[in-house]
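sequence below, structure please.
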Amino acid sequence: MVLNCTENGKRKQKWLATGLPEKGNKRKAEQMLHEKLAALEHAAPSDNAADILFTEYIRYWLTLVEQRVDAVTMQSYRAITERHILPWFSNYGLTLAAVNRKSIQAFLDEKGRCGRLDGKGGLSPKSIRELKNIINQVLNEAIREELLTVNPCSLLRLPPKARPHCGTAQHIAARSSTGAAIPYYQNRYYLRSAAQ
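Residues are numbered from 1 along each chain as shown. Next up is the predicted model:
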């Protein structure tokens, strides 16, 4: 088992023996990993982390990241945090130290069910991943500043990615004969298979 930790502001890999035979024990090893991460998650974070609201730390992170990314990316980060992340976490008043895997998973699950701002259902898997990535970056910054010891974003359950449906050459030919618009990737596939 390998754990990624930080010591004195530097990332370290910590190898732990499981004592299990190599084959047929994937689930047991994953369970041991979950238990170890849960124990580290409840380890005493910095005293400052218990005093800082998670929403305030997100705002602080936005000021830091503004210097490292371009204007379009920054605009996207601000829109996502102000529309989705800050309102949800401010309702619960969680501190940086109190944010754990369960609270983040509850946030992502709720946004997947009913996260659209127009009230017509949940966010797409891509949007859920964007939310998770921003929270992950915020918590990684907290680790760099030695406020947290472990990032609770590991082992989150995310919805599967939506895959484009290419179809067979016959399916694409049938769609093109009906006048339906063919996405560029399907059209290239059709041209490639027709040339063979």
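
show me the residue at the heart of this protein, geometrically.
The centre of the chain sits closest to residue 132, judged by Cα atoms, centre = their mean, with a distance of 2.7 Å.

from residue 86, how far out is it?
The gap separating residue 132 from residue 86 is 15 Å, by Cβ to Cβ, to the nearest Å. C-beta coordinates here come from the backbone N, C-alpha and C atoms, glycine included.

just the pLDDT for residue 159.
On pLDDT, residue 159 comes in at 87.

distance of it relative to residue 77?
From residue 159 to residue 77 the distance is 21 Å (Cβ to Cβ).

more crowded one of the two?
residue 77 (21 against 16; other Cβ atoms under 10 Å).

contacts only, for the more buried one.
Residues near residue 77 by Cβ atoms under 8 Å, 6 or more residues apart in numbering: 62, 65, 69, 134.

tell me which two in those are the farthest apart.
69 and 134 (11.6 Å; Cβ to Cβ).

just the helices in this protein please.
For the chain, helices defined by DSSP state H occupy the ranges 26-41, 47-51, 54-65, 71-80, 86-92, 101-114, 125-144, 169-177, 184-195.

could you report the neighbour count for residue 137?
17.

check what pLDDT residue 186 gets.
53.

and residue 54, how many neighbours does it have?
24.

which residues does it contact?
Residue 54 neighbours (Cβ under 8 Å, 6+ apart): 89, 94-96, 98-99.

so which of the residues you listed would you say is closest to residue 141?
Closest approach to residue 141 among these (Cβ to Cβ): residue 96, at 10.5 Å.

next, give phi and psi for that closest one.
phi -60, psi -40 (degrees, to the nearest 10).

touching, it and residue 53? I think so.
Yes: in this structure, residue 96 is within contact of residue 53 by Cβ atoms under 8 Å, at 7.3 Å.

those two: who's more crowded?
Set side by side, residue 96 and residue 53 show more neighbours around residue 96, with 23 against 15, by other Cβ under 10 Å.

per-residue pLDDT, the more buried one?
Residue 96 carries a pLDDT value of 93.

mind listing what it touches?
Counting by Cβ under 8 Å, 6+ apart, residue 96 makes contact with 45, 49-50, 52-54, 57, 142, 147-148.

could I get the residues you listed in CSV, plus columns for pLDDT and distance to residue 24?
Listed next are the contacts of residue 96 as CSV, based on pLDDT from 0 to 100; distance: Cβ to Cβ, whole Å:
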residue, pLDDT, distance to residue 24
45, 46, 36
49, 77, 40
50, 78, 42
52, 90, 44
53, 92, 45
54, 95, 40
57, 94, 42
142, 92, 38
147, 90, 40
148, 89, 35
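
filter these to the buried ones?
Among the contacts of residue 96, the ones that count as buried by 16 or more other Cβ atoms under 10 Å are 45, 49, 52, 54, 57, 142, 147-148.

wait, which of those is closest to residue 22?
residue 148 (32.5 Å).
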